[in-house]
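**Student:** Here is the input, now give the coordinates:
(chains A and B, ligands or ions: 2)
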Amino acid sequence: MIPQEIAQTIIDPKAYADGARVDDAFARLRKDMPFAQAHPEGFDPFWVVTKHADILAVERQNELFHNGDRATTLTPIEVDRKVREMMGGSPHLVRSLVQMDNPDHFAYRKLTQSWFMPQNLKKLEARIREIAKGFIDRMADMGGNCDFARDVAFLYPLHVIMEVLGVPESDEPRMLKLTQELFGSADPDLNRNRAEIADADAALAQIGATVGEFIEYFNAMTEDRRACPRDDLASVIANGQIGDQPLGHLEAMSYYIIAATAGHDTTSNTTAGGLWALAENPGEFAKLKSDASLIPSYLEESIRWVTPVKHFMRSATADTEMHGQKIAKGDWMMLSYPSGNRDEDVFEDPFAFRVDRSPNKHVAFGYGAHVCLGQHLGRMEMRILWEELLPRLEALELAGAPKRMEANFVCGPKSVPISYRMH
Amino acid sequence: MSDRKTAWRTWQCMTCGFIYDEAEGLPDEGIEPGTRWEDIPGDWICPLCGTPKGDFEMIEI
Ligand code: HEM
Ligand SMILES: [Zn+2]
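**Tutor:** Numbers count the residues shown, from 1 in each chain, chains lettered A, B, ... in the order given. Ligands and ions are numbered 1, 2, ... in the order given. Below is the predicted model:
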């Protein structure tokens, strides 16, 4: 069993905000107990999968390790009980691809899969470049000081996904606020009540209200796109068919919600953390400046470095064994992506940020049947931003201490103050 | 003029978008350039996401 102090750390939103505290905890686990059970207070016990190879092995066996049978993210016992009460026994408030297993997962993923393939995304490249240039021009106008997280990184991917989805620009602030409420539900700076959460009731009431607001918004959007379809992702979802039926209501709403949340916060966190890493590593910045062909490897390294999705949960559908440990049917498992991405057996000097790291087989997008659907879109957005920004950026340094969000699921920097010179 | 027998084809992983090009093979994985899709073992999986060979589709690029 994992020592209590480590078990408490790996679920603690404040430890993720600190960064080093979770890194140390996972480094100790990888060394001493790479596959063991944690029993943090208030949670059902779960296996902590810390090694890169084990994460791949679990994710590849998606019939043996299900997404949907238990909560897909770390959820306290009390909250889980209340969700099930509310949702007629289901442990999920929404039902997106993440909460599905086959056969539904395959059918629902197929609906948008080809839309997310690189060959289809090419048609967006020119428009995304225009959006990126707009943000970079604004950054140039700010006169050499900005909070790169707040002023650029959080707005650019938001704008891209909302345009792709079909949400008008005037609604973007609302979408950003709702996303931050959802992923920042433990962070008093970001959550719906802007306060520390008192208990399970308060936590769930906040999340429920946020999800409710999303659903109200997307209900109206579905009606609109059914009446007059457009060339956007919302129209694909609104008019999609599973077999010969339209999508279920909860499933359709959840599809929008995952695109409208996972579709930008992850990319924003990575972008903010990527620039932070350059500001902290002037040698790497210089290397990248002198060789634009390093942009793709810098991009992969920034994704590995930030790993904005901190975990997903799985549960076993049958008794099995891994690492000599007996896993019982129903056991809950935490896939720790940040840990996999610092695995000493896979990455040379894993705690060093190297713009030319190669190979770089990180697991930040997951693996297997649920591997990130938006990975090509996310990469494309970031590649374009760096292609446009880096040639213009002549000097860069931190102008204060960056801050990370307090969260244990999707998170990264919330503030990256920089001073810079650009033309 | 591409002769049926010699034209190389490309196959795409329907989960992650990875492309297998017969002309290039996958030398890193011990698959020689020029290896036909049919000649790749049935238990081979996508090098990026682990999807089985059966879930690849032939595509034109
Ligand atoms: C740097 C950016 C991103 C990162 C690091 C990231 C990471 C992840 C991870 C770790 C998963 C779970 C994979 C698994 O279970 O194996 C996931 C799933 C998903 N992501 Fe992303 N993501 C990013 C950007 C995006 C974007 C731009 C979209 C666009 C809509 C998106 C949509 C999704 C969807 C729909 C799923 C669920 C797939 C499924 O369960 O089948 N993501 N992502
Ligand atoms: Zn694949």
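
**Student:** Show me which helix runs longest in chain A.
**Tutor:** Selection of the longest helix in chain A by residue count, based on DSSP state H, yields helix A:249-280.

**Student:** Isn't A:N360 up against A:P296?
**Tutor:** No: at 9.9 Å, A:N360 does not count as touching A:P296 under the criterion of C-beta atoms under 8 Å. (Each C-beta comes from the backbone N, C-alpha and C, glycine too.)

**Student:** between those two, which one's more packed in?
**Tutor:** A:N360 (18 against 14; other C-beta atoms under 10 Å in any protein chain shown).

**Student:** for the helix or strand following the longest helix of chain A, packing partners?
**Tutor:** Per DSSP states H and E, helix A:249-280 leads on to helix A:282-290 as the next helix or strand towards the C-terminus. Where contact means 3 or more C-beta pairs under 8 Å, 6 or more residues apart in numbering or on different chains; DSSP states H and E, helix A:282-290 is packed against helix A:249-280, strand A:393-398.

**Student:** do you know which of those lies nearest B:A7?
**Tutor:** helix A:249-280 (37.9 Å; C-beta to C-beta).

**Student:** How about that closest one and ligand 1, touching?
**Tutor:** Yes: Helix A:249-280 is in contact with ligand 1 by C-beta under 6 Å from any ligand atom, via A:I258, A:A259, A:A262, A:G263, A:T266, A:T267, A:T270.

**Student:** ok, the third one to A:E301 distance?
**Tutor:** When distance is defined by C-beta to C-beta, to the nearest Å, A:A262 is 21 Å away from A:E301.

**Student:** again with A:E213
**Tutor:** 37 Å.

**Student:** Is the most centrally placed residue in chain B in a helix, a strand, or coil?
**Tutor:** Centroid-nearest residue in chain B, with C-alpha atoms, centre = their mean: B:Y20, separated by 3.2 Å. Here B:Y20 is strand, with the state taken from DSSP: H, G, I helix; E, B strand; the rest coil.

**Student:** near chain A, which residues of chain B show up?
**Tutor:** Applying C-beta under 8 Å from any C-beta of the partner chain, we find that chain B lies next to chain A at B:Q12, B:M14, B:T15, B:C16, B:G17, B:I45, B:L48, B:C49, B:G50, B:T51, B:I59, B:I61.

**Student:** Count residues in the vicinity of the fifth one, would you?
**Tutor:** Other residues near B:G17 come to 23 when the count uses other C-beta under 10 Å.

**Student:** From A:A203, how far out is A:A186?
**Tutor:** 8 Å.

**Student:** go on, A:N62?
**Tutor:** Separation of A:N62 from A:A203 (C-beta to C-beta): 29 Å.

**Student:** From one end of stretch A:44-57 to the other, what's the distance?
**Tutor:** 23 Å (C-alpha to C-alpha, to the nearest Å).

**Student:** ok, back up a step: can I get the residues of helix A:249-280 next to ligand 1 in JSON lines with neighbour count and pLDDT?
**Tutor:** Output for the residues of helix A:249-280 next to ligand 1, formatted as JSON lines (neighbours: other C-beta atoms under 10 Å in any protein chain shown; pLDDT from 0 to 100):
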{"residue": "A:I258", "neighbour count": "18", "pLDDT": "92"}
{"residue": "A:A259", "neighbour count": "25", "pLDDT": "90"}
{"residue": "A:A262", "neighbour count": "23", "pLDDT": "89"}
{"residue": "A:G263", "neighbour count": "26", "pLDDT": "87"}
{"residue": "A:T266", "neighbour count": "26", "pLDDT": "96"}
{"residue": "A:T267", "neighbour count": "28", "pLDDT": "97"}
{"residue": "A:T270", "neighbour count": "27", "pLDDT": "98"}
